[in-house]
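# I would like the atomic coordinates for the input below:
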Amino acid sequence: TAASAILTAGTGAGVGDALETAISNLEGNISGGLELAEFNGIIIGDVSVINGLTVSGNTTIASGAGFVVNENLAVTGGTLQLSNAGGNFDVGFGAIISNDGSNLIQINSATGMIVMTDTGTQITSSGNGTIDLDAANHILLTNVNTSGEVQVTTTGGQIDDNTAAEAPVITANTAALRAAGNIGESGNDLDLAINTMAAITTTGDIYLEEPSAATIGTVNGLDGITAAGHIGLTIGGTLNINQKVEATDAASIIQANVQGAINVNSTVQTNGGGINLYANDNLALGATSLVDTTTAELVRLFADFNNDSSGGFTQDQGSLVNAHDGDLVARAYGDVEIANLQSAGGRVVVISNGGGIVDNTTSPSEGPLITASEVAFQAAGSVGGAGDADIDTAVGTLSANAASGDVVVSNTGALIIGNVTPLSGV
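Residues are numbered from 1 along each chain as shown. The predicted structure follows:
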């Protein structure tokens, strides 16, 4: 029991029988590991004798109240587990919490928040150790980095970017994000630098930004991205959607703005909200893909979104896009290769500004490529081709413009050649 404590040991401190303390501040330099149980709250640093706490070996510090790290807490050669039973876990004044190799960093704020202040604070592994951050309330991040995995979980709050800069708050190979509320916000998205990500929120939105390529996959047992609210993804390279992306609340929107290509190999689904997939390069819907609004809403699938005359649209056979009586627009500069675009009672618009519109199903499949009330085809080249290369449709009204090619369409049922915005006639 003291106002502060300085611990130095060569063969461990409290290992196997935790030191029980009632102190305010702690500094130290310990070899052999540390186990400490603080009755009240604890501050690492601010004693002005040793700068922070350095430990080699497994380290466990449990605080009965708030836990504050104001100077560096550095561990090597063992796991680092920090917890507070009350109050918040705060990292301030440029403090760095670190570990090495494949060793774990785990922080658990049982009833409060985890707050990293925007003062150069870090939680970092110099190797590929997992960093696991858990809190009952909000988690505010500045710089969490490892070449391994980051897991962030709040059971009652949101995960926020707590920096003014647009630098990544999580740098890792993989990241799993779980929250009750928002994960990032519109106008203050969560900046990442990862390879594979998964995220879920039960009541909020998800807004994520990644400066290079990213894959939506399975991380720490979490599949894909699921939000009750809106999902907004801003990606600086290619986006691979290998697990489901779903917005579950009525009218919640999914939008991906991608500077590279988008490859969809799973489901992108809303509950009556719009779906906007915007790729500056190619947009490819694989054979296992489903893009579905559940009820009537707008679907926009754009390649060459930045209008630099590059990027095509490919929908493999087996893929389905369904706007359920809403508008469905597929657009590219290069060829638009289609297999199954549906909006029963709605409008489908297919545009190729520099190529043609192509049947991408394998012969002898002659099922409708377009099922809708009306369809408009606009192409620099041809719309369909001879024989099995024709564009099979099941629509009521059609308009088409092939600037330098043919229009070859086979329709099931009665057909009106009329006005379908943005075209008139054929």
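# by mean pLDDT, point me to the weakest helix or strand of this protein.
None of the helices or strands of the chain scores lower by mean pLDDT, DSSP states H and E than strand 423-424, at a mean of 92.
# pull the distance from that one to the chain's centre.
Centroid displacement of strand 423-424 relative to its chain, using CA atoms, centre = their mean, to the nearest Å, is 39 Å.
# any regions of the stretch 301-426 of the chain where pLDDT drops low?
For the stretch 301-426 of the chain, the stretches flagged by pLDDT under 70 are 363-365.
# would you map the strands across it?
Applying DSSP state E, counting those that start in this stretch to the stretch 301-426 of the chain gives strands spanning 313-315, 320-322, 328-332, 336-338, 341-352, 357-359, 370-379, 391-394, 397-402, 409-411, 416-417, 419-420, 423-424.
# got a pLDDT number for the closest residue to residue 265 other than its chain neighbours?
Of all residues beyond its chain neighbours, the one nearest residue 265 is residue 286 (4.2 Å), with distances taken as CB to CB, 6 or more residues apart in numbering. Backbone N, C-alpha and C define where each C-beta goes, glycine included. For residue 286, the model assigns a pLDDT of 98.
# could you check how far residue 286 is from residue 308?
Distance of residue 286 to residue 308, computed by CB to CB, to the nearest Å: 24 Å.
# when those two are compared, which one has more neighbours?
residue 286 (17 against 10; other CB atoms under 10 Å).
# was I right about that one contacting residue 267?
No. Residue 286 is not in contact with residue 267 according to CB atoms under 8 Å; the separation is 11.2 Å.
# before we move on, which element is residue 118 in?
Assessed by DSSP states H and E, residue 118 sits outside every helix and strand.
# excluding its backbone neighbours, what's nearest it?
Per CB to CB, 6+ apart, closest to residue 118 is residue 163, 5.1 Å.
# next: residue 147.
residue 128 (4.5 Å).
# ok now do the one you found, which residues does it touch?
When contacts are counted by CB atoms under 8 Å, 6 or more residues apart in numbering, residue 128 touches 101-102, 146-148, 173.
# how much space separates residue 86 from residue 67?
9 Å.
# no no, residue 173
Distance from residue 173 to residue 67, by CB to CB: 28 Å.
# again, but for residue 138
For residue 138, the distance to residue 67 (CB to CB) stands at 16 Å.
# just residue 56 next, same as before
On the measure of CB to CB, residue 56 and residue 67 end up 21 Å apart.
# these two: who's more crowded?
Using other CB under 10 Å as the criterion, residue 56 and residue 67 rank with residue 67 on top: 28 against 19.
# contact partners for the closest residue to residue 243 other than its chain neighbours?
Using CB to CB, 6+ apart and skipping the chain neighbours, the partner closest in space to residue 243 is residue 224 (3.3 Å). The contact partners of residue 224, taken as CB under 8 Å, 6+ apart, are 198, 216-218, 243-246, 266.
# what of residue 130?
Residue 130 neighbours (CB under 8 Å, 6+ apart): 104-105, 146, 148-151.
# cool, residue 325 as well?
The contact partners of residue 325, by CB under 8 Å, 6+ apart, come to 295-296, 343-346, 373.
# buried ones among the residues you listed?
With burial judged by 16 or more other CB atoms under 10 Å, the buried subset of the contacts of residue 325 is 343, 346.
# who are the packing partners of the least confident helix or strand of the chain?
Counting contacts by 3 or more CB pairs under 8 Å, 6 or more residues apart in numbering; DSSP states H and E, strand 423-424 is packed against strand 370-379, strand 397-402.
# so can I have TSV of the contacts of residue 130 showing secondary structure, distance to residue 313 and pLDDT?
TSV is the format used below for the contacts of residue 130 (DSSP: H, G, I helix; E, B strand; the rest coil; distance: CB to CB, whole Å; pLDDT from 0 to 100):
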residue	secondary structure	distance to residue 313	pLDDT
104	coil	44	98
105	strand	44	98
146	coil	37	98
148	coil	36	98
149	strand	34	98
150	strand	34	98
151	strand	36	98
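# of those residues, closest to residue 124?
Proximity of those to residue 124 (CB to CB) peaks at residue 146, which lies at 7.0 Å.
# is the closest residue to that closest one other than its chain neighbours bridged to anything, and to what?
Nearest residue to residue 146 in three dimensions, chain neighbours excluded: residue 125, at 3.8 Å (CB to CB, 6+ apart). Beta bridges link residue 125 to residue 99 when assigned by DSSP bridges.
# wouldn't residue 125 be in contact with residue 106 here?
No. Look at residue 125 against residue 106 with CB under 8 Å: they stay out of range, at 11.6 Å.
# pull up the overlap in contacts between those two.
Contact criterion CB under 8 Å, 6+ apart; residues shared by residue 125 and residue 106: residue 131.
# just name the most buried of the helices and strands packed on strand 423-424.
Most buried of those, by mean neighbour count (mean count of other CB atoms under 10 Å): strand 370-379, with a mean of 24.
# helices and strands around it, which ones?
With contacts defined as 3+ CB pairs under 8 Å, 6+ apart, strand 370-379 has these neighbours: strand 341-352, strand 391-394, strand 397-402, strand 419-420, strand 423-424.
# and the first one, which strands flank it?
Right, strand 341-352. strand 320-322 (parallel), strand 328-332 (parallel), strand 370-379 (parallel).
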